[in-house]
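Colleague: Okay, sequence plus prediction incoming.
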Amino acid sequence: MAYNLKEEMNKKERFYPGHRLCAGCAAGIVCRGMMRALNPEDKAVICNATGCLEVSSFQYPFTSWDDSYIHTAFENASATASGVEAAYRVMKRKGRLSDRENFKILAIGGDGGTYDIGFQSLSGALERGHDFTYFCYDNNAYMNTGTQRSSATPRFASATTTPAGLESVGKKQAQKDLTGIVVAHGSPYVAQTTLIGNLKDFHEKAHRAIYTKGPTFVNVLTPCPRGWQYPADELIDICKAAVETCVWPLYEVVNGEYRLTYEPRKKLPVEEFMRKQGRFSHCFKSGNEWTIEVAQEYVDKKWEELLKLCK
């Protein structure tokens with residue numbers, strides 16, 4: 001589906017303003033983009049794991065969602081989506097829904113509810129082959145409960161459970177490669193994206209995921225101004241820096257075939273991404289320079305591995 005910015009802007013909103021997300025939070029933009037990626041004639045059921053997005057977009061009796069919405073527990077958004085998808089198939093087969101009524105089953109959760117607590121139900125849903133799309137808004141920590149580290153937190157990032165100090169330089173472990181793990185499940189469509197430019201990359205990948213039959217997955221880097229410690233108006237700059245340094249490469253995997261969707265003309269050093277955020281400020285203090293070198297080595301290694309897969 002060709003991306004047309006004017007057409008997208010003229011679509012009816014399906015995720016409304018008035019939510020309680022923080023200024024500068026990218027999660028609301030992810031939701032707007034996800035719902036815009038639907039064909040206007042199709043309906044949706046959204047299964048949302050507990051987290052920042054859930055508490056900010058749905059507080060009974062108020063909601064920002066135009067489509068059917070289910071708040072699930074932290075760990076079972078994928079299991080809920082599996083049940084909804086199975087019920088939908090049965091209702092279609094029994095004629096309780098007409099052929100003209102088309103629903104898309106969408107699950108969404110943060111990295112805490114996806115990489116960690118919700119991974120078991122996600123893995124099970126992928127293995128069973130349910131026809132649904134999972135969107136992970138990856139903000140690199142458990143932001144709703146105070147910025148505790150998750151397995152999506154990058155190495156050396158300071159979080160409340162991995163604080164930087166005299167004896168610590170933040171989280172010790174590298175970020176889990178969840179996108180690659182989902183690919184290993186045999187999903188027909190897997191993508192990694194973020195919020196840059198006119199959202200063309202995000203929109204096209206979201207649309208392909210939603211309209212590819214089977215269990216599909218979109219991993220969206222979703223900066224958090226409070227947890228990452230950056231000014232609220234620098235959201236897009238942070239996303240761009242992640243892409244241009246190859247900290248967060250943009251690619252998709254279609255039936256096992258890797259496709260790079262953006263390659264920087266000149267790959268920037270990783271410190272250009274780290275320097276913009278307070279959670280890495282300790283890495284620039286005297287004696288901690290080695291952390292930037294180690295981070296650069298890791299990013300370079302992962303980038304070269306991805307290039308080989310894509311070429």
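Modeller: Arrived safely. Numbering: from 1, shown residues only.

Colleague: The nearest residue to Phe74 once chain neighbours are set aside and Glu167: what is the separation?
Modeller: Spatially, and ignoring its direct neighbours in sequence, Phe74 is nearest to Thr50 (4.3 Å; Cβ to Cβ, 6 or more residues apart in numbering). Every C-beta, even on glycine, is put in place using the N, C-alpha and C of the backbone. Separation of Thr50 from Glu167 (Cβ to Cβ, to the nearest Å) stands at 33 Å.

Colleague: How about Thr160?
Modeller: 16 Å.

Colleague: who's more crowded, those two?
Modeller: Thr160 (13 against 5; other Cβ atoms under 10 Å).

Colleague: Let me see the contact set for the more buried one.
Modeller: 146-149 (Cβ atoms under 8 Å, 6 or more residues apart in numbering).

Colleague: where do the strands sit along the stretch 151-300 of the chain?
Modeller: If DSSP state E, counting those that start in this stretch is used as the criterion, the strands of the stretch 151-300 of the chain fall at 164-165, 168-169, 189-194, 216-221, 251-254, 257-260.

Colleague: Adding mean pLDDT, write those strands out as TSV.
Modeller: Conversion of the strands of the stretch 151-300 of the chain to TSV gives the following (pLDDT from 0 to 100):
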stretch	mean pLDDT
strand 164-165	96
strand 168-169	96
strand 189-194	98
strand 216-221	98
strand 251-254	98
strand 257-260	98
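
Colleague: Quick one, which of the ones you listed gets closest to Ser56.
Modeller: strand 216-221 (16.5 Å; Cβ to Cβ).

Colleague: tell me the SS of Phe135?
Modeller: strand (DSSP: H, G, I helix; E, B strand; the rest coil).

Colleague: does it really touch Val30, like I thought?
Modeller: Yes - at 6.8 Å, Phe135 and Val30 qualify as touching, with contact defined as Cβ atoms under 8 Å.

Colleague: Quick one: low-confidence residue ranges for the stretch 151-300 of the chain.
Modeller: Counting by pLDDT under 70, not a single residue of the stretch 151-300 of the chain qualifies.

Colleague: where do the helices sit along it?
Modeller: Under the criterion DSSP state H, counting those that start in this stretch, helices of the stretch 151-300 of the chain are mapped to 178-184, 200-210, 225-228, 235-244, 271-274, 289-310.

Colleague: Redo those helices as CSV? Include mean neighbour count and distance to Met91.
Modeller: Converted to CSV, those look like this (neighbours: other Cβ atoms under 10 Å; distance: least, Cβ to Cβ, whole Å):
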stretch, mean neighbour count, distance to Met91
helix 178-184, 19, 28
helix 200-210, 22, 20
helix 225-228, 22, 41
helix 235-244, 20, 39
helix 271-274, 20, 47
helix 289-310, 15, 40
